[in-house]
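A.B. asks: when you get a sec, could you give me coordinates for this:
(chains A and B)
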Amino acid sequence: MAGAFRSRGLMVAVLMLAACLSNQSRAADELQLSTDGWHSWRVASVTPPDEETIFVLIKSGRAEEIEIAGHWCRQRRHEAAVDHGLLSTDTSIDWLQHHLGNPSDLGEHALAAISRHAGHRALQILIDIVESDAAADTRQEAIFWMTMSGSDAAFDYIDDLLMAD
Amino acid sequence: MHTRWNLICIAVSTLTFGVAGAQDNAARSEKEELQMMALEALMASPSERALPALLKLLDGDGSDELKESALFVLGQIEHPEAGKALLGYARDGQGETQLEAIRMLGINGSPETLGALPGIYANGNREVREAVLEAFLIADDTEGVFGIAMNATTADDYEDAVEILGAMGAHAELAKLREAKGISDALIEAYIISDNSTELHKLAMDSSNPGLQAEAIEAIGIVGGDGADAMLAEIYTKSADADIKEAALQGLLIGDYDEVVLRLYRASQDTAEKRELLQTLVIMDSPLAMEVIDAALAGDQ
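C.D. replies: Alright, predicted model coming up:
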């Protein structure tokens, strides 16, 4: 009897986990910003405040602007933004990463936005750019946003870089 | 607090850090390039984050170039610990690190850091003393340089300080020095550097020290300005002293006042003097020399 409970409980947990993963994966797949106008979503932040809100302006189906509501970006009125709620950092980074390398400001803004995401993946993207053969400006931007993130891990990397023989 | 010199220095330092640095890109390794990028990024970082990284670098075995850039960043951080650290490197640092730290105290420009400079000067070697003067120059602290000039124990130290006062255009401090220490070559140099034609005109009329008077007269030609040509012509015309006349002519040559020389040539009745004035016009590469020669050939003069 107890074994059956344990077994059923385990099954419920597995199903709940599966549902949760499925939701996350669907969210990743379903982050479609096709309608023109402002869109926004929240993600876990690398440093306080706990969440960052990212705003994206879509025009003719293409991203025109990426902004982060927070410490260094000017605040604009985005009342009309379509709110996509709290997204996983992977979902958000997946979308933003698509715009890295864009020669306009969009590329740097995407980089800046990625740098604000919690978790190791965001920092690793910046590190990969720094250690790549990308243009010097891009690598410099990656280092800059790394330090601006203020995370311990980012400064550990900067420390190692400065002390490298 | 940011004065003209201060801003100029920051601009120069920034250029050194950025643009000139970029010219050295080829000479730098990729690792050094990244390190310089990281230092630039630290300038915008919170001071409590940047400070430990900078101090670690400054205490390490990095290159002088990297450490100099780190000191520049350190100088930009408005945090008491940063000022304290900078002062420590300025007092006890080694070689270029110490000299750069001293200059950065000038950029920092706070009364506390500037107040430490005379002590560093007093205990430093010649390079350190020069760096202290540069720091005062950067901070536009004429009082600091004046103090060093007043307390100078060697002629070289006095001349260096007076030269800096000239570069700073510190007319009041130069006047006080003249009163306290008397006129000297160094002061005349400072008057030239600071374009102080008023003092030079006064000295040019002071015959108590003919050697310095002659120097001042020549200096009028270097500085130029309103009335310089007329004054040199007057000295040349009225003086009976050959050395003073020669100095006035040198002043006219240096100031490129060829029309004045031509007038003196035409007014002169002395053949030797006319020859010398004509030679002066030729040395000046003045087209008026050809006019004189043509007129002489035509028998006009």
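
A.B. asks: how about the residues of chain A near chain B?
C.D. replies: Proximity of chain A to chain B, by CB under 8 Å from any CB of the partner chain, involves residues A:130, A:136, A:139-140, A:143-144, A:146-148, A:150, A:155, A:158-159, A:161-165. Yep, even glycine has a C-beta here, placed from its N, CA and C like the rest.

A.B. asks: could you tell me which of those residues are located in helices?
C.D. replies: A:130, A:136, A:139-140, A:143-144, A:146-148, A:155, A:158-159, A:161-163 (DSSP state H).

A.B. asks: from those, which would you call buried?
C.D. replies: A:V130, A:R139, A:Q140, A:I143, A:F144, A:M146, A:T147, A:M148, A:F155, A:I158, A:L161, A:L162 (16 or more other CB atoms under 10 Å in any protein chain shown).

A.B. asks: relative to B:S45, which of those is nearest.
C.D. replies: A:T147 (4.5 Å; CB to CB).

A.B. asks: list the contacts for that closest one?
C.D. replies: Neighbour list for A:T147: A:A154, A:F155, A:I158, B:A38, B:A41, B:L42, B:A44, B:S45, B:R49, B:A50 [criterion: CB atoms under 8 Å, 6 or more residues apart in numbering or on different chains].

A.B. asks: show me the domain layout of chain B.
C.D. replies: B:1-18+B:33-138, B:140-194, B:195-255, B:261-301 (automatic domain parsing).

A.B. asks: cool, chain A as well?
C.D. replies: A:1-30, A:31-163.

A.B. asks: go through those and pick out the most buried.
C.D. replies: domain A:31-163 (a mean of 17; mean count of other CB atoms under 10 Å in any protein chain shown).

A.B. asks: mind listing what A:E131 touches?
C.D. replies: So A:E131 contacts nothing (CB under 8 Å, 6+ apart).

A.B. asks: mind redoing it with 10 Å?
C.D. replies: A:R139, A:A142, A:L161, B:E30, B:L34 (CB atoms under 10 Å, 6 or more residues apart in numbering or on different chains).

A.B. asks: make TSV from those and add pLDDT and distance to A:D105 to it.
C.D. replies: Supplementary listing: these in TSV, determined by pLDDT from 0 to 100; distance: CB to CB, whole Å:
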residue	pLDDT	distance to A:D105
A:R139	94	17
A:A142	96	15
A:L161	94	26
B:E30	85	26
B:L34	93	23
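
A.B. asks: reformat those residues as JSON lines; add distance to A:Q97.
C.D. replies: JSON lines is the format used below for these (distance: CB to CB, whole Å):
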{"residue": "A:R139", "distance to A:Q97": "17"}
{"residue": "A:A142", "distance to A:Q97": "13"}
{"residue": "A:L161", "distance to A:Q97": "23"}
{"residue": "B:E30", "distance to A:Q97": "24"}
{"residue": "B:L34", "distance to A:Q97": "22"}
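
A.B. asks: where in chain A is pLDDT low?
C.D. replies: Along chain A, segments meeting pLDDT under 70 span A:1-30, A:70-79.

A.B. asks: on that earlier part again, export the buried ones among the ones in helices among the residues of chain A next to chain B as a markdown table, with columns for distance to B:L278.
C.D. replies: A markdown table is the format used below for these (distance: CB to CB, whole Å):
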| residue | distance to B:L278 |
| --- | --- |
| A:V130 | 71 |
| A:R139 | 67 |
| A:Q140 | 63 |
| A:I143 | 68 |
| A:F144 | 67 |
| A:M146 | 73 |
| A:T147 | 70 |
| A:M148 | 72 |
| A:F155 | 75 |
| A:I158 | 71 |
| A:L161 | 70 |
| A:L162 | 68 |
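
A.B. asks: could you tell me which residues of chain B lie near chain A?
C.D. replies: Residues of chain B that fall close to chain A, judged by CB under 10 Å from any CB of the partner chain: B:22, B:25, B:30-46, B:48-50, B:52-54, B:56-57, B:60-62, B:66, B:70.

A.B. asks: where does the stretch 201-301 of chain B get nearest to chain A, which residue?
C.D. replies: B:I222 (45.6 Å; CB to the nearest CB).

A.B. asks: mind listing what that residue touches?
C.D. replies: Counted by CB under 10 Å, 6+ apart, B:I222 has contacts B:Y191, B:I192, B:I193, B:D195, B:S197, B:L200, B:A228, B:Q250, B:G251, B:I254, B:G255.

A.B. asks: A strand includes it, no?
C.D. replies: No. Read with DSSP: H, G, I helix; E, B strand; the rest coil, B:I222 is helix and lies in no strand.

A.B. asks: now it: how far from B:I193?
C.D. replies: Here the criterion is CB to CB, to the nearest Å. By it, B:I222 lies 10 Å from B:I193.

A.B. asks: same thing with A:G150?
C.D. replies: Taking CB to CB, one finds A:G150 at 48 Å from B:I193.

A.B. asks: need the contacts of B:I222 in a markdown table (columns: secondary structure and pLDDT).
C.D. replies: Below are these laid out as a markdown table (DSSP: H, G, I helix; E, B strand; the rest coil; pLDDT from 0 to 100):
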| residue | secondary structure | pLDDT |
| --- | --- | --- |
| B:Y191 | helix | 96 |
| B:I192 | helix | 96 |
| B:I193 | helix | 95 |
| B:D195 | coil | 92 |
| B:S197 | helix | 90 |
| B:L200 | helix | 93 |
| B:A228 | helix | 94 |
| B:Q250 | helix | 96 |
| B:G251 | helix | 96 |
| B:I254 | helix | 96 |
| B:G255 | coil | 95 |
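
A.B. asks: among those, name the buried ones.
C.D. replies: B:Y191, B:I192, B:I193, B:S197, B:L200, B:A228, B:Q250, B:G251, B:I254, B:G255.

A.B. asks: show me the shaky parts of chain B.
C.D. replies: Applying pLDDT under 70 to chain B picks out residues B:1-27, B:300-301.
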